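K.L.:
My questions are about this predicted structure, shown below with the sequence.
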Number of protein chains: 2
Amino acid sequence: MKFADFSRNVMITAENICRDIFLENRDSIKIKKEKVVVKNLVNIFNATLRLSNEKGFHAMSLRDLCQETGLSMGALYSYFSSKDDLLETIQEQGRRLAVKVLTEYIEKAGNPEEKLEAAVKSHLYLSEIMQDWFFFSYMETRYLDKEEHKKAIAGELYTEQLFIDILEQGKAQKKFKVDNAALTAAVIKAMLQDWYLKRWKYSRRVVSVEEYAEFLIGFIRSYIIPD
Amino acid sequence: MKFADFSRNVMITAENICRDIFLENRDSIKIKKEKVVVKNLVNIFNATLRLSNEKGFHAMSLRDLCQETGLSMGALYSYFSSKDDLLETIQEQGRRLAVKVLTEYIEKAGNPEEKLEAAVKSHLYLSEIMQDWFFFSYMETRYLDKEEHKKAIAGELYTEQLFIDILEQGKAQKKFKVDNAALTAAVIKAMLQDWYLKRWKYSRRVVSVEEYAEFLIGFIRSYIIPD
DNA sequence: GTCTATAGTGCGATAGAC
DNA sequence: GTCTATCGCACTATAGAC
C-alpha cells in the first residue's frame, strides 16, 4: 500500500471532518447554514491546532484564536459552548476517525502478515495526513476532564488491542513467534506515535512516511518471524 | 545490570539534585542557608512535578503551588525569579543528569554489545528513578522559550547520537548488521521514552523496569544481530 | 526567612446592538 | 450571523510588615 493510494482512498479533508462535526452537533451549534458553519469550523479548528501545537492549548487564549481566525469573540462562541468544549470536540472526532480507518484497513487484509502491514501503514499514513490532530490529541489528553480522559485512554488501548489481536492470530497460525504480545504491541504503538510526536526530527532528516513504514515493518518482522 | 545495583550506585535523590541546584544558583536564590534552601527546593520541585504532571505546568497556578508546598507566594519567589525560571531550572537539571549518567555507563562497558545493553538499561533505570522529571521534561518542552527549547532538542539529539555511535561501532566490528543507524536509534529512543510516557499502562500490566529492559534488548538484538 | 496585602494585567464568558 | 463592550474573576509578581 502506497501513501498516495491511501490518501486518495480515505478522502480525509478538513471540510469532510467539519461537516461530520456539524451534523453531529446541530443542537449545540447556534448557526444553522451548513455552508457557513463548515467554512468557519475549518477555520477555527485549523487555527486552534496551529496555535495549540506551538505553545499548548492552555497557553492559547481565545483572543489569540480571534486574531488567527479573523472572527470575533461572540462569533467563536456560536460554534462551541466553552474552551473545553472545543478541546473535547477535536479530540473526539480525531479518535473516531482513527478507529474507523484502522479497523477498515485491517479487516480488508487477509492473513496476519498482511494485517500487520495494513495496520502499521494505515496508522502511519493517517497520522501523516492528520499530523496536527494526532499531535494535539496526544499532548492535550491530560487537560481533558476525568470522563473524557477515560475515553482517550480507552482509545489508546483499543488501537493497541488491534495489534495484539493480529499478533495472537499470527501466533495461532504458527506464522509469528510472539512471547509477549502485549509488550510487543506496546512498543509498536510507541514507534508509530513517534512519527507524529517528533516530526521535526524526521523532516530534518528527510525521511518519508513510506520509508519509515518499510523500516518499521522490517524491524517488527525480524523479531516476530524467525528465520 | 540489575535495577537495584544501578539505583544504589547512582545515588540520585531529590536532596542531592537540589543541593546541586543550590550550588549553581547561589546568586539568584535569595536565601543563603543551605539546609533551608535544600529542604524547600525539594518541597517545591516535588510539588511542581506532582501538580504539573497531572494537569500541565501552565494549568498549575502559583496559588496551587503555595497550597501544595505550604509556602506563601513571597517565600516561593525567594527561590525562583519567575514561573518560567522554575520550569527552566527543572528541565536543565534533568537534562544535565541524564547526559552525565548515560555517558558514564556507556563508557564503562567494553564492546558494542555491552554498550548497547548499558545504554538501554541506564536510560530506562534512570527514567524509572526520575520518572516525574523525565515526563515533565518531555511534556513541557514546548513551553520553553526559543533558546531553552533549542537546548532541549539538542539534548534529545545528543542521547540519540550515543545510540547511533554504538550501532556504527558494532557495524564496524562486524558484530551488528545495521542498514540505517539513525532510524534504528530513533525508534530505540521512542521505545525508551514510552516507558515514562505511558507509566499508567505498564503499571496496570505489572511490567517491571527490568522486564521491559530485557524485552527491549531482545527486540533490538533480533534486528541488528543476524543469526 | 516568611508572611499578607495588593497592584496590574489578561482571562473566559455573555448581553445586546446591528 | 457577527460584532463590540463589559463583567467578574484568577493570574503573576512585588512591596513592605514582621
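P.N.:
Thanks, I have it.
K.L.:
residues from chain A in reach of DNA strand D?
P.N.:
Within chain A, the positions near DNA strand D by CB under 7 Å from any atom of the strand are A:30-33, A:36, A:40, A:70-75, A:78. Every residue, glycine included, has its C-beta placed from N, CA and C.
K.L.:
ok, and the most crowded of those?
P.N.:
Going through these with other CB atoms under 10 Å in any protein chain shown as the criterion, the one with the most neighbours is A:Asn40, at 21 neighbours.
K.L.:
gap between it and B:Phe45?
P.N.:
A:Asn40 sits 44 Å away from B:Phe45, taking CB to CB, to the nearest Å as the criterion.
K.L.:
can you check A:Arg95 too?
P.N.:
Distance from A:Arg95 to B:Phe45, counting by CB to CB: 34 Å.
K.L.:
The two: which has the busier surroundings?
P.N.:
Neighbours around A:Arg95 and B:Phe45, counted as other CB under 10 Å, are more numerous at B:Phe45. The numbers are 23 against 19.
K.L.:
That one and B:Cys18 touch, don't they?
P.N.:
Yes - distance between B:Phe45 and B:Cys18: 6.6 Å, which falls inside the contact criterion (CB atoms under 8 Å).
K.L.:
quick one: which of the residues of chain A next to DNA strand D sit in helices?
P.N.:
Secondary structure assignment (DSSP state H) places A:Val36, A:Asn40, A:Met73, A:Gly74, A:Ala75 from those within helices.
K.L.:
residues in contact with the second one?
P.N.:
Contacts of A:Asn40 were listed using CB atoms under 8 Å, 6 or more residues apart in numbering or on different chains, and they are A:Ile31, A:Thr69, A:Leu71, A:Ala75, A:Tyr79.
K.L.:
Just give me the neighbour total for A:Val178.
P.N.:
The local packing of A:Val178 (other CB under 10 Å) involves 20 other residues.
K.L.:
gap between the residue nearest to A:Glu128 when sequence neighbours are not counted and A:Ser222?
P.N.:
On the basis of CB to CB, 6 or more residues apart in numbering or on different chains, the spatially nearest residue to A:Glu128 that is not a chain neighbour turns out to be A:Val209, at 4.5 Å. Noted for A:Val209: a distance of 21 Å to A:Ser222, by CB to CB.
K.L.:
Now for A:Gln161, how many residues are close by?
P.N.:
For A:Gln161, the neighbour count with other CB under 10 Å is 13.
K.L.:
can you check A:Leu144 too?
P.N.:
Taking other CB under 10 Å as the definition, A:Leu144 ends up with a neighbour count of 19.
K.L.:
Please give me every residue in contact with the residue nearest the centre of chain A.
P.N.:
Taking CA atoms, centre = their mean as the criterion, A:Phe134 is the residue nearest the geometric centre of chain A, at 4.1 Å. Contacts were defined as CB under 8 Å, 6+ apart; by that measure A:Phe134 touches A:Gly94, A:Ala98, A:Leu126, A:Ser127, A:Gln193, A:Tyr196.
K.L.:
Nearest to A:Glu88 among the contacts of A:Asn40?
P.N.:
Within the set of the contacts of A:Asn40, A:Tyr79 lies nearest A:Glu88; the separation is 13.3 Å, counting by CB to CB.
K.L.:
Please report phi then psi for the nearest residue to A:Met60 once chain neighbours are set aside.
P.N.:
Here the nearest residue to A:Met60 in space, its sequence neighbours aside, is A:Leu51; by CB to CB, 6+ apart that works out to 4.3 Å. Backbone torsions for A:Leu51, taken as degrees, to the nearest 10, come to phi -70, psi -50.
K.L.:
separation between A:Leu51 and A:Glu68?
P.N.:
Noted for A:Leu51: a distance of 6 Å to A:Glu68, by CB to CB.
K.L.:
How about the helix or strand containing A:Ser203 and chain B, touching?
P.N.:
For A:Ser203, the element it lies in under DSSP states H and E is helix A:199-204. Yes - using CB under 8 Å from any CB of the partner chain, a contact is recorded between helix A:199-204 and chain B, made by A:Trp200, A:Lys201, A:Tyr202.
K.L.:
just the residues you listed now: which is nearest B:Asp85?
P.N.:
When these are compared for distance to B:Asp85 (CB to CB), A:Trp200 wins out at 25.4 Å.
K.L.:
How about chain A: which residue is closest to DNA strand D?
P.N.:
For chain A and DNA strand D, the shortest gap (CB to the nearest atom of the strand) falls at A:Gly74, measuring 2.1 Å.
K.L.:
Now do A:Leu65, the pLDDT please.
P.N.:
For A:Leu65, the model assigns a pLDDT of 98.
K.L.:
mind checking how far it is from A:Leu86?
P.N.:
Separation of A:Leu65 from A:Leu86 (CB to CB): 9 Å.
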